[in-house]
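> test case, fold it:
(chains A, B and C)
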Amino acid sequence: MLVDAFLELLNLWVLVAAVVGIASGVIIGAIPGLGPTMAIALLIPVTFSMDSIPAIILLLGVYQGAIFGGSISAVLLNVPGTPSSAATAIDGFAMARRGEGGRALRFALYASVAGNIFSCLVLMALAEPLARFALDFGPAEMALLMLFALLVIVLFGGGSKLDALIMVLVGACAGVVGLDPISGTPRFTFGSFAFDNGFQLIPVLIGLFAMSEVLLQAFDRDHDVSDAEVPPLKASVVRFVELWRMRITLLLSSVIGTFVGILPGIGSTVPAFMSYNLARSRSAAPESFGKGAPEGVAAPEAANNAVTGGALVPTLALGIPGDAVTAVILGAFMLHGLAPGPFLFRDHGLEVYAIFEALLLSSIPTVILGLLFFRVAIHVTRIQPRHLLPAITILAVFGAFSVNNSLFDVWVMLGAGVLGFLFRRSSFPLPPLLIGLILGAPFEQSLRQALLTSGGGYDIFFGSPITIGLAGLIALSLAISLALNLRKARA
Amino acid sequence: MSVKGFGGGLARPGFRTLTTGLLLAAALWALYALDSQIQVFSFGDAGPDARSFPRLVLWLLAAVVALRLVLSLRREDDAFRLRPLGRVLAVVAVTILALWLMPSVGFFAGAAGAGIVVSLVLGERNPLMLGLPLVVAAIVAFGGQHGLNIPLP
Amino acid sequence: MKFTRRLSLALLGGMALFPSATLAQQDYPSRAITLVVPYGAGGTTDISARQIASMAEDLLGQPIVVENQPGASGTNAMRAVAGADPDGYTLIATTSSPSFVTPALRDVGYDTLQDLVPILNYSGPYHGVVVPGDSAYESLDALIEGAKSDAVTYGTAGAMGGAHLAFASVAKETGAKLQHVPFDGAAKATAAVLGGHVDAALVPAYRDLVQDGQLRLLGVLDGSNDPDFPDAPTLKEAGLAAEFPSIVGIMAPAGTDPEILAKLEAAFTEVASSEEFETFMTDLSQPVRIMSGADLARTIEDNLTAYREIAKDLGN
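This next block holds a predicted model:
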């Protein structure tokens, strides 16, 4: 089966599709606001006339490429191209400011590939059993899992826990605006239709990171005409030993990414930050994180790319997509006669395994294309801010608009930009705000769904082995954090 | 980004105090407006309704922000400087203006205008380089409209 | 189909015979037509609208540009199209929810019947009542009977959707304790019923999971049977006075010239009844269900009234 599937790939069109897909994905992902969903939706009509295998390989190449592309702008400009690369920006940009942008990008690239390969192997070997396992996660399990993720962000993010808690709560409050997920009534919409949809993640992200950067630079500019100092570019070699040293981090991050990817509705931003925090607390030198630690680039990149394989598990094995991107991919599979669901592997095993093998092999063009792309992209760090920032302003307006084709989102972006400026100036951390916005509303929804199914009884949160395990994890992380604090206080 | 050391007595209020104070005010106002902003229809469902979670989160937020204010009273803050703040306000104002006008003048004119003002604020004095935002806006407008099929205003 | 083609020929002939018709209508379409899709790019509504648009381009002789205006479950786009110039150059490919479900519940800023004219209906996925394959409920009756003693939970794609309202009125009528659990999209509701976290779910796209035995189809919410499962009764056949007909149709702003409307209806009907479109929709697992503009208007009107009643009962 695997050999037959491989023979299907010996076709020039497959290679062309993979290269075109990855390249366009990387470019679209690097532009703030444009993400994999849009890129894939745009290319679906292009694939109408193609054979099914190259068509799907093209679209999945876009998916992987876009997730990675987001980290290029995160590292070089401190402007994450997609929400999932916000964690990469922390240490990646710090490295770029030291002139090590090339090294940071290479770490990101190799970690991405590692995450991809891991999750793809999991997808090939265990798609059906894992899809069954994912179904065991009902509302109660999801609520506890999200609570755990929020705790990890607050307790192990480094910096002040109180500040992180404030930011998570601000994010959760922002998530309240819009229609109530359970009863459908408007909340804090001020009677305006525009608010019904709530604050969308991408405009807020662009505002918090890109627009606030413009405002910060406007504030910080001290001299009137002289050029700002540009760090000299340093050699960007990454030796294999350096990657080998972080093998455990890469593995753990890939596991987190794949696992969270399998569960519907959490996405790739949360596992990226969880892996970052895990890598930081496992590190021998946690204080180097945030100041340009290569591991702080590799961990989130491995995780957010591993999400792609994980998210395909329920999409393909059950026909149940977990988020917008996989929903679009599901449509593409159907259009090419490969209806995802329980019969996919039985009826189209050959095609599916050929696609999986292509996903594995596409690591090779990804690395080659990535390295080529870096040669050009790295020079972005040498552009003067006063030339770069106007362009970022224009792209921010464009990116925010393109999410829903609505100007309201651009206003949200600008508001988030002003808030982001205030928060960054006041040294409040932004990542917890992002996580609070992403998880706040789903957490409330899961919580209330669980209580609806249990008829109001809180025992549902201790009713299954998974919930008990998650409750244990929550207690454990609280205990560890407390113990660490006590030790620090005594020292 | 300089919050360091403990000064003697109360520190001069600055960015951090301002932000924290704004958050506290917002949270308290939202708590006050909660009942009028969120209607509750009862289906006889058990458990929390549409108001419970926002109320809980807002109370928590107000509490931790108040705690933050008290804890950092004695900490030195990042003081305001008026001239830079003026530049920030200029960028915000011009972006607001550009967004306001965008439905009538179109994406290209609005975005290019905003871009030019931003580069002026950032200290660009070379008239040739002021054309850069024009070029970027043109590329983005054309590429978005035709390449990506986005109906820009 | 023959009839419609003859109709369109007759119309074209009629226009040629009577040059008194204004120039604008004769020339229509003289430039690109915009077809708004109220959901994001890449969903089934979007993909099918793009297909019908690209096929109709050949008949109308002008490009049809598909424009996505997602947000607020489709009401934003409906409001925008309702306020657009009624010149036949702005159309919308819309579904049940923004046509007659949400407008029945709250003010959305437009009135589907007053501000828009239906042109035709071309699809509409069947929503099924599904339970896990090993569930004790073998039929709709058994489910309702079971719910009279113990509460039965059911998941849907979201709060105040058509499926929710249909079952809420069933609950009211039969006195059954049907507890609604809204999810964020039909996919998550399907996952929840597969995992046994809710007792039942009201979702589309159930075919393969039912054929595989992972789910059991008890009935459909639509007005007619799903051709893939002719034995599954509609709610009405099962003796329950509720239904949720699913529509996917094309509408224009009210006030559009009737001749333009007729031309559009003829062109889109011809495309939608072609074999090529049928094959395309089968690949997407979507049915082709053609209904004239007038019939679609009647369906919307009936359901708008019915849903207003249900909402009134529920709300207060």
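
> return the distance of the one helix or strand residue C:67 maps to from the chain's centre.
In this structure, residue C:67 is located in strand C:64-68 according to DSSP states H and E. Here the centre of mass of C-alpha atoms in strand C:64-68, compared against the chain's by C-alpha atoms, centre = their mean, to the nearest Å, lies 19 Å away.

> immediately after that strand, which helix or strand?
If you walk from strand C:64-68 toward the C-terminus, the next helix or strand you reach (DSSP H and E) is helix C:75-82.

> show me what the helix or strand just after that next one packs onto, helices and strands only.
Past helix C:75-82, further along toward the C-terminus, the next helix or strand under DSSP H and E is strand C:90-95. For strand C:90-95, the elements it packs on are strand C:33-37, helix C:44-60, helix C:75-82, strand C:248-253, judged by 3 or more C-beta pairs under 8 Å, 6 or more residues apart in numbering or on different chains; DSSP states H and E. Placement of C-beta: from N, CA and C, glycine included.

> let me see the contact set for residue 120.
No chain in the question, so chain A it is. A:309, A:356, A:359, A:360 (C-beta atoms under 8 Å, 6 or more residues apart in numbering or on different chains).

> please go with chain C instead
Residues near residue C:120 by C-beta under 8 Å, 6+ apart: C:249, C:250, C:265, C:268, C:269, C:272, C:290, C:291, C:292, C:293, C:296.

> and the third one, what's its pLDDT?
Same thing as residue C:265. Residue C:265 is assigned a pLDDT of 91 by the prediction.

> what is the burial count for it?
23 (other C-beta atoms under 10 Å in any protein chain shown).

> for residue C:288, which three-state class applies?
The assignment at residue C:288 comes out as coil when based on DSSP: H, G, I helix; E, B strand; the rest coil.

> that one reaches residue C:274, doesn't it?
No - because the distance of 9.5 Å does not satisfy C-beta atoms under 8 Å, residue C:288 is recorded as not touching residue C:274.

> these two: which is more packed in?
Using other C-beta under 10 Å as the criterion, residue C:288 and residue C:274 rank with residue C:288 on top: 18 against 15.

> quick check: that one vs chain A, distance?
Distance, residue C:288 to chain A, using C-beta to the nearest C-beta, to the nearest Å: 15 Å.

> tell me, how many residues neighbour residue C:206?
As a measure of burial, residue C:206 has 31 neighbours, counting by other C-beta under 10 Å.

> what's the pLDDT at it?
Here, the pLDDT recorded for residue C:206 equals 89.

> how does chain B divide into domains?
If you go by automatic domain parsing, the domain ranges for chain B are B:15-71, B:82-147.

> please state the mean pLDDT value computed over the shortest one.
This means domain B:15-71. Looking at domain B:15-71 alone, the average pLDDT works out to 85.

> how many residues are close by whichever residue of the stretch 351-491 of chain A sits closest to chain B?
Of all residues in the stretch 351-491 of chain A, residue A:456 sits closest to chain B, with a separation of 3.0 Å (C-beta to the nearest C-beta). When counting by other C-beta under 10 Å, one arrives at 12 neighbours for residue A:456.

> hang on, it in a strand?
No - remark: residue A:456 does not belong to a strand; assigned using three-state DSSP, it is coil.

> what about it, distance to chain C?
10 Å.

> quick check: phi and psi at that residue.
Residue A:456 has phi and psi values of phi 100, psi 0 when expressed as degrees, to the nearest 10.

> how many residues are close by the closest residue to residue A:355 other than its chain neighbours?
With sequence-adjacent residues excluded and distances taken as C-beta to C-beta, 6 or more residues apart in numbering or on different chains, residue A:355 is closest to residue A:56, at 5.3 Å. Residues lying near residue A:56 (other C-beta under 10 Å) number 26.

> what does residue A:23 give?
Other residues within reach of residue A:23 by the criterion other C-beta under 10 Å amount to 20.

> ok, it - contacts?
Counted by C-beta under 8 Å, 6+ apart, residue A:23 has contacts A:65, A:369.

> ok, and the closest non-adjacent residue to the most centrally placed residue in chain B?
Nearest residue to the geometric centre of chain B (C-alpha atoms, centre = their mean): residue B:92, 9.3 Å. Setting aside the residues directly before and after it, residue B:92 is nearest to residue A:418 in space (C-beta to C-beta, 6+ apart), at 6.0 Å.

> you'd agree the one you found is up against residue A:215?
Yes - with contact taken as C-beta under 8 Å, residue A:418 and residue A:215 are classed as touching, separated by 7.1 Å.

> the more surrounded of those two?
Regarding residue A:418 and residue A:215, a neighbour count based on other C-beta under 10 Å identifies residue A:215 as having more, with 25 against 18.

> I'd like the mean pLDDT over the helix or strand hosting the more buried one, please.
Mapping residue A:215 onto the secondary structure by DSSP H and E places it in helix A:212-220. Mean pLDDT, taken over the full extent of helix A:212-220, equals 86.

> which neighbouring elements make contact with it?
Using 3+ C-beta pairs under 8 Å, 6+ apart, the elements in contact with helix A:212-220 are helix A:385-404, helix A:407-425, helix B:82-105, helix B:107-121.

> flag every buried residue along the top helix by length along chain C.
Scanning chain C for the helix with the most residues, using DSSP state H, yields helix C:293-315. The neighbour-count criterion (16 or more other C-beta atoms under 10 Å in any protein chain shown) identifies C:293, C:296, C:297, C:299, C:300, C:303, C:304, C:306, C:307, C:310, C:311, C:314 as the buried residues of helix C:293-315.

> hmm, the host helix or strand of residue B:23 touching chain A?
Secondary structure assigned from DSSP H and E places residue B:23 in helix B:15-37. Yes - legend: contact between helix B:15-37 and chain A by C-beta under 8 Å from any C-beta of the partner chain is shown at B:15, B:16, B:18, B:19, B:20, B:22, B:23, B:27, B:30, B:33, B:37.

> list the contacts for the nearest residue to residue A:201 once chain neighbours are set aside?
Counting by C-beta to C-beta, 6+ apart, residue A:83 is the residue found nearest to residue A:201 once chain neighbours are left out, at 5.7 Å. Residue A:83 is in contact with A:70, A:201, A:202, A:205, A:267, A:268, A:269, A:434, A:438, counting by C-beta under 8 Å, 6+ apart.

> next, the buried residues of stretch C:77-96.
Under 16+ other C-beta under 10 Å, the buried positions of stretch C:77-96 are C:77-82, C:84, C:86-96.

> same check, this time on stretch A:336-354
If you call a residue buried by 16+ other C-beta under 10 Å, then stretch A:336-354 has these buried ones: A:336, A:338, A:339, A:340, A:341, A:342, A:344, A:348, A:351, A:352, A:353, A:354.

> measure the fifth one to residue A:55 for me?
By that I understand residue A:341. Applying C-beta to C-beta, to the nearest Å, the value for residue A:341 to residue A:55 is 19 Å.

> wait, what's in contact with the spatially most central residue of chain A?
What sits nearest the mean C-alpha location of chain A, by C-alpha atoms, centre = their mean, is residue A:84, with 2.1 Å. By C-beta under 8 Å, 6+ apart, the residues touching residue A:84 are A:67, A:70, A:267, A:268, A:269, A:272, A:300, A:304, A:307.

> will you turn those residues into JSON lines that also has distance to residue A:131, secondary structure and neighbour count?
As requested, the contacts of residue A:84 are arranged in JSON lines below (distance: C-beta to C-beta, whole Å; DSSP: H, G, I helix; E, B strand; the rest coil; neighbours: other C-beta atoms under 10 Å in any protein chain shown):
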{"residue": "A:67", "distance to residue A:131": "21", "secondary structure": "helix", "neighbour count": "30"}
{"residue": "A:70", "distance to residue A:131": "27", "secondary structure": "helix", "neighbour count": "34"}
{"residue": "A:267", "distance to residue A:131": "18", "secondary structure": "coil", "neighbour count": "24"}
{"residue": "A:268", "distance to residue A:131": "19", "secondary structure": "coil", "neighbour count": "28"}
{"residue": "A:269", "distance to residue A:131": "23", "secondary structure": "helix", "neighbour count": "28"}
{"residue": "A:272", "distance to residue A:131": "23", "secondary structure": "helix", "neighbour count": "33"}
{"residue": "A:300", "distance to residue A:131": "26", "secondary structure": "helix", "neighbour count": "37"}
{"residue": "A:304", "distance to residue A:131": "21", "secondary structure": "helix", "neighbour count": "35"}
{"residue": "A:307", "distance to residue A:131": "15", "secondary structure": "helix", "neighbour count": "32"}
